[in-house]
Structures are given as C-alpha cells and as structure tokens.
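Q: This is the structure alone, sequence omitted:
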C-alpha cells in the first residue's frame, strides 16, 4: 500500500494535461475521507445529529471540512459517506464514495477496523498491515483513532468502536491499481500519510515500488523485475517465466528501485525497458521521465560501437531528434548500439547498488516487444 492515493493512479499512465501556467489542484486521500466519515458517524451516535460539513485534523495540522454525501442510522450503527475529490491527480478513486459505518463496543474492546464492500484485505506478508487485516494504512488508522478518542473524551464515553470502511465499486477500481500484485484482494486500500493528494506525486509511486520489494522478500522470491512499461515488462516476464509477484512496476523511477534494493536486497534483479529509457539509465539518469531527464546524443558517439563511424554518420547521430532515430541510423549500418546501451545501463545500476548482494541484468526491447539486447 502506497503512502498516498497516487498509488491508485491508473497503471496505464493516463494523464490530464493542464493549460500551461495553471496551478494543479490538490485533493484529499481516501484516508482523509474515511476519517471525516468516521467522525461524522460517531458524532451522530453520540448526539443524534450528523455534522455537515465535518471538520477533521490532518497530521500536519490542517483542518479541512468535508460535505457529507450520505448519512443515516442502521440499527445500532451510524454511517456517513464522503465523495473523494483527488484534485488534479489522475487517481482511479476520484469521485468514489468513502463510507464509514460505526458502532459502539463494550469498554475494553478498543477500536476495530473492518474492510467493508470495496475495501481490500491483506493476504501477503511484507506490508505495513498484517495478513488478514483490512487494507487501511497505519496513518489513516491513526487519524480515525485520534478523532474517535477526541469525541469520546468530550462526551465522557469509552473510545471502543467498530469502524467498517466501504467504497462501493472499489473491487472494480482495484483492478486498475497495484493491489492485486501486492496481495491486497477484494478492493482498494485506504491510504495517505498527510491526508492531502499532491498531483503527480513521485514519492507515492516510489513507495509502492518499496512495498513490492517488501512483499517479494517476505515471500522468499529470489528474482524480481523492474520494467519501465507494460511492453518491456511482458517481454522480460515471459523471457524468465517470472510470477506476477516478482513484478515491481518500476516505471521511470530506477533510482527509487535501486536505492531501496541496496538496503533491502533480493538476490537477482532484472531491469527491462525500451531503448530510449535504457539510454538515459546508461547515461547515469535515475529518473527516466521525459520531463526530468533528457537524452544526450553525444553519449551515443562515445560508445565502443561508434568508434569507427564516419564524420557524416557522427553528425547524423549528433543531430538525431530522438533516441529511436539514432538507433535506426545504427541499425541501418548493422551496428549493435543496443548492446552497448544495455551494458551502460547495467553499470549505472551496479554503481547505485554498490556492494549489495544483488545480481543484475538489463534487457532492452523495441516497440514491438522484441528483446534487442541483454547485458548480464
């Protein structure tokens, strides 16, 4: 489970571009919405009335107010729901309704968290929540606990309740997240470390990579795969016949993957990606996103395969508009530049891993998914 709801971004990488110069709007995590719904429901149990809007305190001290989308009583329970607003983040849970149903328990029972409809259950070790528990991350649990305890103290009652968190349609939404690979089954996770969703957060994606490594280690896997996209992932997975649990959804964050493996090693790592992404890694870039690193054509001319190029070809390579154009020029000449790139990418990865006990190989694929180079 990721540190923020950006983990629940669509894995196909869809983005909604904003006009140049316009500000991206922040939103609220599922954890913040669940906390607000929980406070509203428990308030209603204690007073008979639902606060609307309901104000909560986030970990950094902010006090946002949330409008209720649904509310009511069901026997000895009260429930409240809030529609999640993810701001301008491309989050599959944007617009989902997060519902908390709260009922009081006898003193001494503490606070119980239960996965309702559309909220997942943890089935694999290595995550911050034990196996068998509702996929509600530690910080949202702490936020809900704090609101329950404040209300209980104010009304002179014990803070012993059962909280059932539901997200109608969450099981379908979860198919577009990394939850199935992490062993979180039945729905989405309730996430967040600050309560605020920051659009296009890199930290959250990297956090999800870390959790994937934790799960792989807990399951005793000895070989994991970090790929830049689905095409390279499918090619490398088929090449090694790796299970889904070995796939780490590296994306552009090679550095986030490698640095975590340095401290939490797995015996073997394969990195797979297209020629351009692996060229960036070969040049020393650890963030492979097009907005944060660029191809240096002069690097192509420093490779061993370019040693005997004519001046005309060297100029064509230097002036190539894209890495794929440079690859095409070399392919026309029968020169294997992809292997040099794979070797360079492997050297970069090894330099980040330092002395960690991790064997590494790099696979370069073309746009059709064909492996064109392999360094090991």
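A: The structure has been received and is ready for your questions. Since we're looking at a predicted model, the values are computed, not measured. Residues are numbered from 1 along each chain as shown.

Q: Number of residues surrounding residue 87?
A: By the criterion of other Cβ atoms under 10 Å, residue 87 has 15 neighbours. For every residue, glycine as well, the C-beta is placed using N, CA and C.

Q: buried set for stretch 131-148?
A: The neighbour-count check on stretch 131-148 (16 or more other Cβ atoms under 10 Å) flags 134-137, 139-141, 143-148 as buried.

Q: Let me have these in JSON lines, adding secondary structure and distance to residue 180 as columns.
A: Listed next are the buried residues of stretch 131-148 as JSON lines, based on DSSP: H, G, I helix; E, B strand; the rest coil; distance: Cβ to Cβ, whole Å:
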{"residue": "134", "secondary structure": "strand", "distance to residue 180": "16"}
{"residue": "135", "secondary structure": "coil", "distance to residue 180": "12"}
{"residue": "136", "secondary structure": "strand", "distance to residue 180": "18"}
{"residue": "137", "secondary structure": "coil", "distance to residue 180": "17"}
{"residue": "139", "secondary structure": "helix", "distance to residue 180": "23"}
{"residue": "140", "secondary structure": "helix", "distance to residue 180": "21"}
{"residue": "141", "secondary structure": "helix", "distance to residue 180": "22"}
{"residue": "143", "secondary structure": "helix", "distance to residue 180": "26"}
{"residue": "144", "secondary structure": "helix", "distance to residue 180": "25"}
{"residue": "145", "secondary structure": "helix", "distance to residue 180": "28"}
{"residue": "146", "secondary structure": "helix", "distance to residue 180": "31"}
{"residue": "147", "secondary structure": "helix", "distance to residue 180": "31"}
{"residue": "148", "secondary structure": "helix", "distance to residue 180": "31"}
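
Q: Let me know the closest of the residues you listed to residue 100.
A: residue 144 (7.9 Å; Cβ to Cβ).

Q: Residue 32 is in contact with the closest one, correct?
A: No. Counting by Cβ atoms under 8 Å, no contact exists between residue 144 and residue 32, whose distance comes to 10.2 Å.

Q: which secondary structure elements does the worst-scoring helix or strand of the chain on mean pLDDT contact?
A: One helix or strand of the chain scores below all others by mean pLDDT, DSSP states H and E: strand 196-197, with a mean of 74. Judged by 3 or more Cβ pairs under 8 Å, 6 or more residues apart in numbering; DSSP states H and E, the packing partners of strand 196-197 are strand 27-28.

Q: following the strand it packs on, which helix or strand shows up next?
A: helix 30-47 (DSSP states H and E).

Q: can you list contacts of the helix or strand following that following helix?
A: Note on helix 30-47: by DSSP H and E, the next helix or strand toward the C-terminus is strand 54-55. For strand 54-55, contacts defined as Cβ atoms under 8 Å, 6 or more residues apart in numbering pick out 36-37, 39-40, 43, 63-66, 68, 80.

Q: Cool, thanks, signing off.
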